[in-house]
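Participant: Model the following, please.
(chains A, B, C and D)
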Number of protein chains: 2
Amino acid sequence: MSAEIAARAKARPQKRTNNPEGMRKKVLDVAEEAFQARGYHASSMGDLMATAGVTGGALHHHFPTKKALALAVIEERVAAAVEETWIAPVRMAGSAREGVRSVFAAVAAELEQQGFVRGCPLNNLAHELSLADPDFRTALAGIFSAWRQAIADKLRVDQQAGREQGTDPQRFAALAVAIYSGAMSMAKTAQDASVLRDCLVALEQGATSSKTGARRRRRILHRAL
Amino acid sequence: MSAEIAARAKARPQKRTNNPEGMRKKVLDVAEEAFQARGYHASSMGDLMATAGVTGGALHHHFPTKKALALAVIEERVAAAVEETWIAPVRMAGSAREGVRSVFAAVAAELEQQGFVRGCPLNNLAHELSLADPDFRTALAGIFSAWRQAIADKLRVDQQAGREQGTDPQRFAALAVAIYSGAMSMAKTAQDASVLRDCLVALEQGATSSKTGARRRRRILHRAL
DNA sequence: GACAAAACAGACCGGTTGTCCTGTTTTGTC
DNA sequence: GACAAAACAGGACAACCGGTCTGTTTTGTC
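Facilitator: Coordinates of the predicted model:
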């Protein structure tokens, strides 16, 4: 390349994107994807910059540090994902119990046709970051809390309508989130979503497995687990 | 420091540990601890060397690469931990159901008095590594499989004794592992082990919450979830 | 005690990490 | 259209990463 062209390229370095707020969004998109697929520590800023087509200066302008970027991903994207796939559907469902099961079944179906399992975004980041930094942990714990709270609130609505009198809302919500999180963990490791359905069926079987009926009423205490 | 002392230190570099197999064990101890507390990617070989008091040459002799070290931790330590805290106790229990619950309660009690939650070793590494490398994933999936298999086998023994006729062993085992994994995930993020007990109680309540008894037998299908 | 093999020491290297810095360009406001 | 502020470009940096290398010491075996 001649010196003249090089000089001209130097003088007019590059056409800018000219899209305020669009660049921040693009970085968040790429970071969310990368943190989900490879994890936080395994994703380098250089990779993110290259994938997003963003220079170091631009990235540093919006997110001064890698931690700030991850915090933004957690608070803006992970929280929104939980809201979209769990909280809103449960709110719209006919009951808490039915809402939880329908979400569970919907995710299982989606995973089965997708062919591979990336795991739960919240749990993925929670495992890697909750012990690494207090700020991360607090942000992630807040999302878990909101998730559980939404399920518990829905069940309280059911109770005001006379249903589910014997169920503790907080504990019911904890159980639902735990089963989902744990099943996703196994599904991700095995790369097989069928365990999601196994857990669903096991729960239904677990409550109805007794064939001796009322005679064993007391022992049913032990049924579900 | 004088040149003479420096030269002497150079000539006689260091007293050796002189403990074959002891050094490998020490490295595994430190690596297991570090991978558990900070994760794989966040733990550098330099940190491990310094903590274990081992030189680079020695570490490289036993574990040619970082991946080989992690694989050894998974296959020797994580698998042993699952065997010790889950598989063996379940085998020795009176029944699969009682074994699962007793392990669950024991872990909850231990965590509560310990004051903080590091999470499940298997799940911690599974989330970070199962998508990163096929060898990691295979090794981790094998441990999950053995864990589930042990619970399912125990339940089959119960069935041969006439109990648990309506319970599917594979699904029962999947549910137990899922609840434990998910509850530990939440407990770790919240740094609060009480969610373990919440899940336990919720399960017992879930199967017995019906106060109308046999009239609602069919609707009990929906009880446990 | 000779000698091959294993165990270990410690320096070294190329590549990558996250961050910072100095400019240049665009945008909003009067 | 002047001008301050925000948005962005792109290189530079020191620290650190994981891995390799050569050389020395210990161990096992006859």
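Participant: Looking at chain A, what residue ends up closest to DNA strand D?
Facilitator: Taking Cβ to the nearest atom of the strand, DNA strand D has its nearest neighbour within chain A at residue A:57, 2.0 Å off. Quick note: C-beta positions are derived from backbone N, CA and C, even for glycine.
Participant: any idea which element that residue lies in?
Facilitator: Taking DSSP states H and E as the criterion, residue A:57 maps to helix A:56-62.
Participant: Single out the residue in chain A that lies closest to DNA strand C.
Facilitator: Closest point on chain A to DNA strand C, by Cβ to the nearest atom of the strand, is residue A:44, at 3.0 Å.
Participant: Starting from residue A:47, give me the distance back to the residue of chain A closest to DNA strand D.
Facilitator: The span separating residue A:57 from residue A:47 equals 17 Å under the rule Cβ to Cβ, to the nearest Å.
Participant: Name the spans of chain A whose pLDDT lies under the cut-off.
Facilitator: When residues are selected by pLDDT under 70, those of chain A lie in A:1-21, A:204-225.
Participant: Give me the buried positions along the longest helix seen in it.
Facilitator: Scanning chain A for the helix with the most residues, using DSSP state H, yields helix A:134-160. For helix A:134-160, the neighbour count (16 or more other Cβ atoms under 10 Å in any protein chain shown) marks A:136-137, A:139-141, A:143-144, A:147-148, A:150-152, A:154-155, A:158 as buried.
Participant: State the next helix or strand along the chain beyond that helix.
Facilitator: Towards the C-terminus, the helix or strand next in line after helix A:134-160, according to DSSP H and E, is helix A:169-190.
Participant: now that following helix and helix A:134-160, what's the angle there?
Facilitator: Comparing the axes of helix A:169-190 and helix A:134-160 via axes from the mean of the first three to the mean of the last three Cα atoms, to 10 degrees yields an angle of 120 degrees.
Participant: ok, helix A:169-190 near chain B or not?
Facilitator: Yes: contact check for helix A:169-190 against chain B, using Cβ under 8 Å from any Cβ of the partner chain: residues in range are A:170-172, A:174-183, A:185-186, A:188-190.
Participant: tell me, which of the residues you listed make contact with DNA strand C?
Facilitator: The subset of these within reach of DNA strand C, counting by Cβ under 7 Å from any atom of the strand, is empty.
Participant: Which entries within these meet the buried criterion?
Facilitator: Those of the residues of helix A:169-190 next to chain B that meet the buried threshold are A:170-172, A:174-183, A:185-186, A:188-190, by 16+ other Cβ under 10 Å.
Participant: So residue A:57 and residue A:47 - more neighbours on which side?
Facilitator: In this view residue A:57 and residue A:47 are compared by other Cβ atoms under 10 Å in any protein chain shown, and residue A:47 has more residues nearby, 14 against 8.
Participant: Pull up the gap between that one and residue A:66, please.
Facilitator: 11 Å.
Participant: Ok, residue A:52 next?
Facilitator: Distance of residue A:52 to residue A:66, computed by Cβ to Cβ: 14 Å.
Participant: And residue A:79, by the same measure?
Facilitator: Shown here: residue A:79 relative to residue A:66, a distance of 19 Å by Cβ to Cβ.
Participant: More neighbours: those two, which one.
Facilitator: Between residue A:79 and residue A:66, counting by other Cβ under 10 Å, residue A:79 is the more crowded of the two (20 against 16).
Participant: Report the contact partners of the closest residue to the more buried one other than its chain neighbours.
Facilitator: Of all residues beyond its chain neighbours, the one nearest residue A:79 is residue A:143 (5.1 Å), with distances taken as Cβ to Cβ, 6 or more residues apart in numbering or on different chains. The contact partners of residue A:143, taken as Cβ atoms under 8 Å, 6 or more residues apart in numbering or on different chains, are A:74, A:78, A:79, A:82, A:122.
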